[in-house]
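*Asks:* When you get a sec, could you give me coordinates for this:
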Amino acid sequence: MGNLHIYNETYSHGNETGKRLKNVDYWVPLMTELLPVFTEVEVRCWKNETEMIQLIKPFAHTIRIETDLVSFTMPLTQKLKSLFLLSANRDTGTLRWFSLHFKKNGYHICLVEQYGAELHFNQITKADYLHIQSFFGNDTVFNFSE
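*Replies:* Model (predicted):
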């Protein structure tokens, strides 16, 4: 068993301050396969992301407000799974969510950070790693440690 860190290549776009992912095509196929495994999710939004906060707030069982972040924890229902599947935006090259922490029975399994630029998988097999790798393009950086 090991841990996997994935870094998706990003680029600056015009005068925008944020970066875009070169490719978000991995999201729907990967999450279609993985979402049924997870039982709960923690969503982290920046305080100024009011649209995302209002979207996720009705689902939350726990809300934690930090200095700059708002964290929502909730069971992963079918409605939330559908919402997360639709979160990749090809036009902006980002995911809608700053941070998603997917859990199974209380254990962090998959962390999606920086609007999808980084993913972390905890305690997976080498076979799982190779399968996950197949969803990404050649310019993606993988670091698997056992």
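
*Asks:* From here on, just use CA atoms for contacts and neighbour counts.
*Replies:* Noted.

*Asks:* ranges for the helices of this protein?
*Replies:* Using DSSP state H, the helices found in the chain span residues 27-34, 50-56, 78-85, 126-133.

*Asks:* would you list those in a markdown table and tack on mean pLDDT, distance to His108 and mean neighbour count?
*Replies:* Shown next, in a markdown table, are the helices of the chain (pLDDT from 0 to 100; distance: least, C-alpha to C-alpha, whole Å; neighbours: other C-alpha atoms under 10 Å):
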| stretch | mean pLDDT | distance to His108 | mean neighbour count |
| --- | --- | --- | --- |
| helix 27-34 | 93 | 13 | 14 |
| helix 50-56 | 95 | 20 | 13 |
| helix 78-85 | 93 | 17 | 14 |
| helix 126-133 | 96 | 16 | 15 |
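
*Asks:* Out of those helices, which gets nearest to Val43?
*Replies:* Among the helices of the chain, the nearest to Val43 by C-alpha to C-alpha is helix 50-56 (8.1 Å).

*Asks:* circling back to that earlier point, between the helices of the chain, which gets nearest to Thr92?
*Replies:* Proximity to Thr92 (C-alpha to C-alpha) singles out helix 27-34 among these, at 14.0 Å.

*Asks:* Let me see the contact set for the residue nearest the centre of the chain.
*Replies:* Nearest to the mean C-alpha position of the chain, by C-alpha atoms, centre = their mean, lies Val112 at 2.8 Å. By C-alpha atoms under 8 Å, 6 or more residues apart in numbering, the contact list for Val112 reads 99-101, 118-120.

*Asks:* Between the helices of the chain, which one is closest to Asp139.
*Replies:* Evaluated with C-alpha to C-alpha, the helices of the chain place helix 126-133 nearest to Asp139, the distance being 11.4 Å.

*Asks:* Check the offset of that closest one from the chain's centre.
*Replies:* 17 Å (C-alpha atoms, centre = their mean, to the nearest Å).

*Asks:* go on, stretch 70-87?
*Replies:* Per C-alpha atoms, centre = their mean, the centroid offset for stretch 70-87 relative to its chain is 11 Å.
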